[in-house]
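Take a look and give me a structure for this.
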Amino acid sequence: MPAGGSSGTINRVVSHVATMLSRVTSTGDLIPEVDGLRFLAIAAVVIHHLVSIYLPASGRMADVRTTAEWFEAARQSSFIPIAYCGHFGVNLFFVISGFILAIPFVRRARHGQPPPDYRSYYLRRVTRIEPPYIIALIAYLAVRLYDGHQIAHLLPNFVASAFYLHGPIYGRESAINGVAWSLEVEIQFYLLVPLLMSGFRLRDRRLRLGSLVLAIIAFGLFSQLYVYPYAAPWMRMSLLNFMHYFLAGFLLAELYLPESENPRPKSWQWDAVTLVAGGIIFWILLQFGHLYFLLPLVVALLYVGFYLGRIANQLIRLRWVVIIGGMCYTIYLYHVMIISQVFVRTARFTSQTRAFGDDFIRQAVIIIPILLVISSLLFVVSEKPFMRWSLSKKPAVK
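Coordinates of the predicted model:
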């Protein structure tokens, strides 16, 4: 076969795979930058858990759950503090969720129209989010049972997780799928969105923006000064502890819509802002915990930089970055199980005599491709079908 024909065939196959793995929306309204930012968030979470599973599996640490254990492990490599910061990827998702859910409400408020139909809004949340989640819970339950856990112990946790009540009832991560706690926070937020959107009925835009900034700081201080040090465990895993990140998404929606209607040229200056904002996030997470309450505003600045920067915007709009970001829900649901199961089979190839970087990279180049392939298959069969299926007549933007 001529070289040109072979190249054309490969390009067609790649294009077909890309189309198959591309996210769809019920409205056809897709903002590529959003999926690019989702890529950053899911990459951070995956790296965090990859290192947290690798360290005990390789015998380098007994466990790495608490901040103190992470900083003890950091003596082995300067990369470990960076991986520790990956837990903040969940917070990045919260900001994105606030932005996406606010868009249809803000758009209608700007044009003096009534808010979206609440019935359609809630049905869209159920038909889009719930089926893949239940499928994942059943998969995790099957793996737990295969590993020797007792159904009598797991069943109450399964039921609580299925109804997004594990955190409020047990005050800890789900025994079925530990990452599901963040989905419970998201559900709490979804239920309150129509009520929270009443603030966008204020006619004065400066008043709306100012009110949002003050609310973000207030909830941030509440989280930092009360929830983390004094509140019951269930409250630390609730919306009360993360409301300021969702409100940062509201702030971005308020800033985005005028910009989308009258876009300005991308600039190098905003690339610089992106770098500075990213650096500040790491700086606060690692060194200056007393400034945690400001993180949602810094994340908002980071996201604006990615939207308005010349290079930053091109990076998060790369085709495969957007595609992988669009699969983030499936990757998030399954990544811990996949990484753990692969490590069971590859841990024997680790060696404490090798440098951390050398040994970890050997594992990562095996596990990450497997994670992407399995997640892609799961996305096609367990998530993408529900992107189109909706009981509502006019779904909200997703």
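
Sketch out the low-pLDDT regions of this structure for me.
1-6, 25-29, 199-202, 259-260, 389-398 (pLDDT under 70).

which residue is nearest the middle of it?
Phe93 (3.4 Å; Cα atoms, centre = their mean).

Tyr54 versus that one, what's the distance?
Distance of Phe93 to Tyr54, given as Cβ to Cβ, to the nearest Å: 23 Å. All C-beta spots, glycine's among them, are computed from the backbone N, C-alpha and C.

Arg236 now?
Using Cβ to Cβ, we find Arg236 at a distance of 26 Å from Tyr54.

and the two? which has more neighbours close in?
Neighbour count, other Cβ atoms under 10 Å: between Arg236 and Tyr54, Tyr54 has more, with 24 against 17.

The more buried one reaches Arg362, doesn't it?
No. Using Cβ atoms under 8 Å, Tyr54 is not in contact with Arg362; the gap is 10.3 Å.

Which residues are in contact with each of those two?
With contacts taken as Cβ atoms under 8 Å, 6 or more residues apart in numbering, Tyr54 and Arg362 have Thr350 as neighbours in common.

got the contact list for the closest residue to Arg144 other than its chain neighbours?
In space, and not counting its chain neighbours, Arg144 is closest to Leu154: 5.7 Å by Cβ to Cβ, 6 or more residues apart in numbering. Contact analysis of Leu154 by Cβ under 8 Å, 6+ apart lists Leu141, Arg144, Leu145, Ala175, Ile176.

go again using 7 Å as the cut-off
Leu141, Arg144, Ala175, Ile176 (Cβ atoms under 7 Å, 6 or more residues apart in numbering).

Selection in ChimeraX covering whichever of those are buried, please.
Those of the contacts of Leu154 that count as buried under 16 or more other Cβ atoms under 10 Å are selected in ChimeraX with:
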select :141,144,175,176
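
any chance of the contacts of Leu154 in CSV, with distance to Asp117 and secondary structure too?
Output for the contacts of Leu154, formatted as CSV (distance: Cβ to Cβ, whole Å; DSSP: H, G, I helix; E, B strand; the rest coil):
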residue, distance to Asp117, secondary structure
Leu141, 35, helix
Arg144, 40, helix
Ala175, 37, coil
Ile176, 34, coil
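
Would you agree Val90 falls within a helix?
Yes. Under DSSP: H, G, I helix; E, B strand; the rest coil, Val90 sits within a helix.

And it, how far from Glu383?
19 Å.

Looking only at neighbour counts, state which of those two leads.
Ranked by neighbour count (other Cβ under 10 Å), Val90 and Glu383 place Glu383 first, with 24 against 21.

ok, the more buried one touching Ile134?
No. Counting by Cβ atoms under 7 Å, Ile134 is not a contact partner of Glu383; they are 11.8 Å apart.

circling back: contacting residues for the nearest residue to the residue nearest to the centre of the chain once chain neighbours are set aside?
The shortest distance from Phe93 to any non-neighbouring residue, by Cβ to Cβ, 6+ apart, is to Ala41 (4.9 Å). Counting by Cβ under 7 Å, 6+ apart, Ala41 touches Gly89, Leu92, Phe93, Ile96, Cys328.

Secondary structure element holding Ala41?
helix 32-57 (DSSP states H and E).

Grab the CA positions of the helix or strand following that helix and hand them over as CSV.
Following helix 32-57 in sequence order, the next helix or strand is helix 67-73 (DSSP H and E). Extracted in CSV, the C-alpha atoms of helix 67-73 (Å, rounded to 0.1, in the frame of the first residue of the first chain):
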residue,chain,number,x,y,z
THR,A,67,-1.3,15.7,55.1
ALA,A,68,1.5,14.8,57.6
GLU,A,69,2.0,11.4,55.8
TRP,A,70,2.3,13.2,52.4
PHE,A,71,4.9,15.6,53.7
GLU,A,72,6.8,12.8,55.3
ALA,A,73,6.8,11.0,51.9
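
next helix or strand past the helix or strand containing the residue nearest to Arg144?
Using DSSP H and E, Leu154 falls within helix 151-162. Next helix or strand after helix 151-162 toward the C-terminus (DSSP H and E): helix 166-170.

what packs against the next helix-or-strand element following that following helix?
Proceeding N to C from helix 166-170, the next assigned helix or strand is helix 181-196, under DSSP H and E. For helix 181-196, the elements it packs on are helix 89-110, helix 118-146, helix 166-170, judged by 3 or more Cβ pairs under 7 Å, 6 or more residues apart in numbering; DSSP states H and E.

Of those helices, which stretch is the most buried?
Comparing the helices and strands packed on helix 181-196 by mean neighbour count (mean count of other Cβ atoms under 10 Å), helix 89-110 comes out on top with a mean of 22.

and that helix, what does it pack onto?
Counting contacts by 3+ Cβ pairs under 7 Å, 6+ apart, helix 89-110 is packed against helix 32-57, helix 181-196, helix 243-261, helix 295-308.
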